[in-house]
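>>> Build me a model from this:
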Amino acid sequence: MSPAAVKAAFFALIAATVVLEVIGDVLFKKWALGSRNLFLGIGLLVYFTGTVFWAFSLRYEYLSKAISVFSVLNLIIIALVGVLMFRENLSVINKAGIALGVLSVILIEI
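A predicted model of the protein is given here:
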């Protein structure tokens, strides 16, 4: 597999993992707000599926790099989801942290 194909596979798997983790987080938040056990069950299933994608992503990248990219992307997206879906507020410090997170992913990939 060429280096470009390896990088593409890694990012596709990380993107799928992040999307599934965010969906799981949203379902858990809806469960916490409304106590509907269906949200908890589906959230756990979605989290498990995301973990499978995470495991496969480790075939294409070092653990230290993979966890860094995953963690930062997950934090950025979940912060945006919190603002857009749950009307949570971000302080100036929070916004600066998100910007630094984006910069950190760029620096990790250079």
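
>>> I'd say R36 and K29 touch.
No. R36 is not in contact with K29 according to Cβ atoms under 8 Å; the separation is 11.7 Å. Where C-beta positions appear, they are placed from N, C-alpha and C, glycine not excepted.

>>> of these two, who's got more company?
Shown here are R36 and K29; by other Cβ atoms under 10 Å, K29 has more neighbours (17 against 12).

>>> helices and strands around the helix or strand where I78 lies, which ones?
For I78, the host element (DSSP states H and E) is helix 63-86. Helices and strands touching helix 63-86, as assessed by 3 or more Cβ pairs under 8 Å, 6 or more residues apart in numbering; DSSP states H and E, comprise helix 3-34, helix 37-57, helix 92-109.

>>> is it possible to export those to a markdown table including mean pLDDT and distance to M85?
Shown next, in a markdown table, are these (pLDDT from 0 to 100; distance: least, Cβ to Cβ, whole Å):
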| stretch | mean pLDDT | distance to M85 |
| --- | --- | --- |
| helix 3-34 | 91 | 7 |
| helix 37-57 | 94 | 14 |
| helix 92-109 | 87 | 16 |
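
>>> In TSV, list those helices along with distance to F70.
Shown next, in TSV, are those (distance: least, Cβ to Cβ, whole Å):
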stretch	distance to F70
helix 3-34	6
helix 37-57	7
helix 92-109	10
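
>>> Minimum distance to I78: which of these has it?
helix 3-34 (5.6 Å; Cβ to Cβ).

>>> how about the closest one: buried residues?
Within helix 3-34, the residues scored as buried using 16 or more other Cβ atoms under 10 Å are 9-11, 13-14, 16-31.

>>> Kind regards, and thank you for your time.
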